[in-house]
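Trainee: What follows is a predicted structure for the sequence shown.
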Amino acid sequence: MEFFRVHEAVGTRIPTYFIESTAPYNVDDTQSPESKERKAAASRVQKIDSDEAIKQIAARLLAGSRPNLVVMVHGFNNPEPAVLKMYTSAALAVDRDQAINGGQGLVCVGYRWPSERMGMPWRGTWDALPTLPTWILYFGALVVLFTFPLFYFTSETRQWWIDVFRYVWNPTAVHFITLLGWTIAGLVLMTVLLRTIVYFRDNYRASNYGVPDLIQVISVIDAEIMRQHRQSGEASPPPSVELSFIGHSMGAFVVTNAIRALSDVFAVPAQSLNSYGAAATDEAPRHGIGRAFQLKRFVLASPDIPAETLLSSRSNFLASALSRFDEAYLFSNEGDAVLRQISTLANYFVFPTKSKNHGFRLGNVEILSRNFGLIDVGGADFLRVLRIGNRTLQQLYDDLEDAKAQRQPTQQLGPEQAPLPQRFTYFDCTDYVDIDDPNEADKQGNRRPLLTFAKWKKRDDAEAQLRWYSHLWLLIVYVFNQQKPNVHGGYFEGQLSQQLIYRLACLGYGGTVAAYGGEPALGKVCEDKQIRMLVSPMLWSARTGATPVAPPRPANARTRSAPRGPAQQAVPAGVIVPDLVGKPIVDARAQVDALRGSGQTPQLVLVEVARTARGTGQAVSGFVLSQTPAPGTSVKGPTSIEVIVVK
């Protein structure tokens, strides 16, 4: 029985393979549909025996001076044609990138699990509908059909044999019974609609096919590496192979659960029942997977994972997986209507919350800044400039900690900030634009928005956000306008976003920065294409070419003093924005910290936006060039002071 199909990319310098699970869309499918796109792509890929492919992958990893396996996993609503197109585009993008294609020992694998397109299950919907909802649908339809003629009796017809019903039939009851019939039938039709959206079906296949099959792929490659190493007769220790992942949408869920299953939970002995999650004893990160692999980098694009997994003090699938990687990157956008509307609607039935402020997905994270490019904030403010839905990560974390304090009032309060979100480097692509026609020059007239309409809502107000009708319109356009803009998968259509994703996965942060010529140059590229970039504090020690930034405060340096009470009604007196222009950034930080330390309210947050020294006249590196709001402005609420820092 064939559980996997494997294709090899033809004509690429980097060995690239497409490994496809043969798990069916439906458990009772009688045949596997042959993709027309697979036939059309025959010139770019060729089928290869699955066992032979594993041997080739292991041999090429062992032959390289720096073996590195990069696995890409697609997401929800991605049938084989879309996946094949995306992986082929990825292979070509990696192959033409001179910063990547010279790597010795790099092997790329595109893994496909059985996801289907929205609307595909429509044909089998009626046959698969269980007996009880079928009866309910019939009953509702019969009620509607029976009551419709009665509306004719409720009006005067001047025919005595009909008008007599007006004295024995209640018109209000007719309306009520008719609406009841529509409601009963509508409930069943809603379940049919949820089925055709395929979110729940994809979730089932991701959990029951995608995760186990990916585990099998990684396990077999690991075993083959060790087998070939033993056959070589070398006395050297087993090779250390870097293992990195790119997870899109529900693919991030597949990867995190696979890593959790591959991890050895008995490698570190458990201390006690409550030594768990955030309360666990500090141990050195365990990056090893299997006998040959070392987890290195994890790149997530629009991950379909609840934000609360980053903030919870309990252990969860994301925390246990994320802690094993050296580096983690998150590509997101505020306008991802697939996550904002479809995913939150589907998870409304299963996500345990009493408030609409919770349950948003990580793919909707946005950076609160008026500017684009490289952005820095102090460690204490890191969560305050990241927002999901209507709340910043800091506010969500405070809400969860306050709720926990009320549940367990005798327990010690948690740290002031959750450490897990600081593992990520964030790329906010809400206003991202890139080349429309690759055959023409990169100029303003040859650019188009990739993920939203790129209205730059935060131009004047960092707190501004898309309105509800903007999200609805983006969803309508995504569904009915051939995914233009592609709110959920546009990261794999733009030149810069693809370049960033593949360089970060293959080279890491240091190699990516070097490929662009330094951090300021990387920030300038992101600024030009309207991407906001917030670097993880975990990478501060490894950053090059940037003005030194104070390390983040340790997560356990200070605990929150007490649960927050109800919001105060008194209006704060206000704070005058200080003049920071022309000052060294170190002095500007100290001045803002002093204002915050004095206890004045509202609190000020310093947001640093890096700009290259080129074109700034006599500006000196490390000094503040300009600031927003202007000096002397009186602010009544928590405000971010954005300063342009020359680097």
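Mentor: Ah, there it is.
Trainee: any idea of the mean pLDDT in the host helix or strand of W126?
Mentor: Per DSSP states H and E: W126 is located in helix 125-128. In this model, helix 125-128 has a mean pLDDT of 82.
Trainee: Now do that helix: distance to the chain's middle.
Mentor: Distance, stretch centre to chain centre, for helix 125-128: 33 Å (Cα atoms, centre = their mean, to the nearest Å).
Trainee: so what does it touch, helix or strand wise?
Mentor: Here helix 125-128 touches helix 171-197, going by 3 or more Cβ pairs under 8 Å, 6 or more residues apart in numbering; DSSP states H and E. For the C-beta atoms, the positions are set from N, CA and C on the backbone; glycine is no exception.
Trainee: Can you spell out the domain ranges of this structure, please?
Mentor: 4-27+34-120+199-266+285-542, 121-197, 575-646 (automatic domain parsing).
Trainee: worst average pLDDT in those domains?
Mentor: Minimum mean pLDDT among these: domain 121-197, a mean of 76.
Trainee: List the contacts of the helix holding W126.
Mentor: P121, V192, R195, T196 (Cβ atoms under 8 Å, 6 or more residues apart in numbering).
Trainee: just stretch 478-486 next, same as before
Mentor: Contacts of stretch 478-486 (Cβ under 8 Å, 6+ apart): 118, 337-338, 448-453, 474, 477, 487-489, 493.
Trainee: Go again with 10 Å.
Mentor: 77, 82, 118-119, 333, 335-338, 341-342, 432, 448-454, 474, 477, 487-490, 492-494 (Cβ atoms under 10 Å, 6 or more residues apart in numbering).
Trainee: And that stretch, end to end?
Mentor: For stretch 478-486, the first and last residues are 6 Å from each other (Cα to Cα, to the nearest Å).
Trainee: Pull out the buried residues from that stretch.
Mentor: Within stretch 478-486, the residues that count as buried by 16 or more other Cβ atoms under 10 Å are Y478, Q483, P485, N486.
Trainee: go on, stretch 17-30?
Mentor: Under 16+ other Cβ under 10 Å, the buried positions of stretch 17-30 are Y17, F18, I19, E20, S21, A23, Y25.
Trainee: ok, now stretch 483-497?
Mentor: 483, 485-494, 496-497.
Trainee: Need the max-distance pair from these.
Mentor: Q483 and L496 (19.1 Å; Cβ to Cβ).
Trainee: Then V609 would be within a strand, right?
Mentor: Yes. Counting by DSSP: H, G, I helix; E, B strand; the rest coil, V609 is found in a strand.
Trainee: so it makes contact with L625?
Mentor: Yes. The pair formed by V609 and L625 meets the contact definition of Cβ atoms under 10 Å, at 9.5 Å.
Trainee: Between the two, which has more neighbouring residues?
Mentor: Ranked by neighbour count (other Cβ atoms under 10 Å), V609 and L625 place V609 first, with 23 against 17.
Trainee: Format the buried residues of stretch 483-497 as JSON lines; extra columns: distance to Q98.
Mentor: Shown next, in JSON lines, are those (distance: Cβ to Cβ, whole Å):
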{"residue": "Q483", "distance to Q98": "30"}
{"residue": "P485", "distance to Q98": "29"}
{"residue": "N486", "distance to Q98": "27"}
{"residue": "V487", "distance to Q98": "31"}
{"residue": "H488", "distance to Q98": "30"}
{"residue": "G489", "distance to Q98": "26"}
{"residue": "G490", "distance to Q98": "25"}
{"residue": "Y491", "distance to Q98": "21"}
{"residue": "F492", "distance to Q98": "20"}
{"residue": "E493", "distance to Q98": "21"}
{"residue": "G494", "distance to Q98": "19"}
{"residue": "L496", "distance to Q98": "16"}
{"residue": "S497", "distance to Q98": "18"}
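Trainee: Spit out the contact partners of I435.
Mentor: The neighbourhood of I435, defined by Cβ under 10 Å, 6+ apart, consists of A441, D442, K443, N446, R447, R448, L450, G494, Q495, L496, K529.
Trainee: now do V575
Mentor: 595-596, 598, 600-604, 633-639.
Trainee: Show me where the stretch 351-500 of the chain has its helices.
Mentor: 393-407, 468-480, 495-516 (DSSP state H, counting those that start in this stretch).
Trainee: for those helices, which one ends up most surrounded?
Mentor: Greatest average neighbour count among the helices of the stretch 351-500 of the chain goes to helix 495-516 (a mean of 21), per mean count of other Cβ atoms under 10 Å.
Trainee: and the helix or strand just after that one with helix 495-516, angle?
Mentor: Later in the chain than helix 495-516, the nearest helix or strand by DSSP H and E is helix 519-528. Angle, helix 519-528 to helix 495-516, by axes from the mean of the first three to the mean of the last three Cα atoms, to 10 degrees: 170 degrees.
Trainee: And stretch 639-647, how far out from the chain middle?
Mentor: The chain centroid and the centroid of stretch 639-647 are separated by 27 Å under Cα atoms, centre = their mean.
Trainee: So which bits of it are buried?
Mentor: Buried, per 16+ other Cβ under 10 Å, within stretch 639-647: T639, S640, I641, E642, V643, I644, V645, V646, K647.
Trainee: quick revisit: can you tell me which of the domains of the chain is most buried?
Mentor: domain 4-27+34-120+199-266+285-542 (a mean of 19).
Trainee: Tell me the gap between it and the middle of its chain.
Mentor: Relative to the centre of its chain, domain 4-27+34-120+199-266+285-542 is centred 6 Å away, using Cα atoms, centre = their mean.
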